[in-house]
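Trainee: turn this into a structure:
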Amino acid sequence: MNILFVTGNAELRAVVERVLAREGYEITTAAHSGHALLAGFECEHIDVLISELQLDGASGEAVTASLRRYHPAIRAIYMADAGTAPRPGVIVRPFTRDDLVREIEACRVISPAAS
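Mentor: Coordinates of the predicted model:
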């Protein structure tokens, strides 16, 4: 499964990249929405976008909508700060490796239109 992970937090990018690679995922990281779009144009296939709900310059949902033009089946998981109301497709901080992997695996069973 190919994952594009987008956050401005360099430490979180490094940790998630290492953890998800150990879990067997192919992972590409991006620091902001512009890098995410460029990565989306360069990647042959992206299964899941994991992005901040709010990025500098765009929302995670806007990035997903743009990437769907090139990757129509992409599913999305959004990261939100503590205190954000839980909802499907949003993982609220703090979260664990198991929480993140569970969200990714849930993407395998939902349709792209639901994310």
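
Trainee: report the longest helix in this protein, please.
Mentor: Counting residues, the longest helix in the chain under DSSP state H turns out to be helix 10-22.

Trainee: gap between that helix and the chain center?
Mentor: The gap between where helix 10-22 is centred and where its chain is centred comes out at 12 Å by C-alpha atoms, centre = their mean, to the nearest Å.

Trainee: next SSE downstream of that helix?
Mentor: Remark: after helix 10-22, the chain's next helix or strand is strand 26-30, criterion DSSP states H and E.

Trainee: pull out the buried residues from the longest helix of the chain.
Mentor: Residues of helix 10-22 classed as buried by neighbour count (16 or more other C-beta atoms under 10 Å): 13, 16-17, 20. C-beta coordinates here come from the backbone N, C-alpha and C atoms, glycine included.

Trainee: contacting residues around the closest residue to F95 other than its chain neighbours?
Mentor: Distance criterion C-beta to C-beta, 6 or more residues apart in numbering; nearest residue to F95, sequence neighbours excluded, is M79 at 7.7 Å. By C-beta atoms under 8 Å, 6 or more residues apart in numbering, M79 lies in contact with 7, 50-53, 90-93, 95.

Trainee: quick check, pLDDT for M79.
Mentor: Looking at M79, its pLDDT stands at 97.

Trainee: what bridges to it?
Mentor: E52, I91 (DSSP bridges).

Trainee: can you say which of the contacts of M79 are buried?
Mentor: 7, 50-53, 90-92.

Trainee: let me have those residues in JSON lines, extended by distance to E61 and pLDDT.
Mentor: Shown next, in JSON lines, are the buried ones among the contacts of M79 (distance: C-beta to C-beta, whole Å; pLDDT from 0 to 100):
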{"residue": "T7", "distance to E61": "15", "pLDDT": "97"}
{"residue": "I50", "distance to E61": "13", "pLDDT": "98"}
{"residue": "S51", "distance to E61": "9", "pLDDT": "98"}
{"residue": "E52", "distance to E61": "11", "pLDDT": "97"}
{"residue": "L53", "distance to E61": "8", "pLDDT": "94"}
{"residue": "V90", "distance to E61": "11", "pLDDT": "95"}
{"residue": "I91", "distance to E61": "15", "pLDDT": "96"}
{"residue": "V92", "distance to E61": "16", "pLDDT": "95"}
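
Trainee: appreciated, that's everything.
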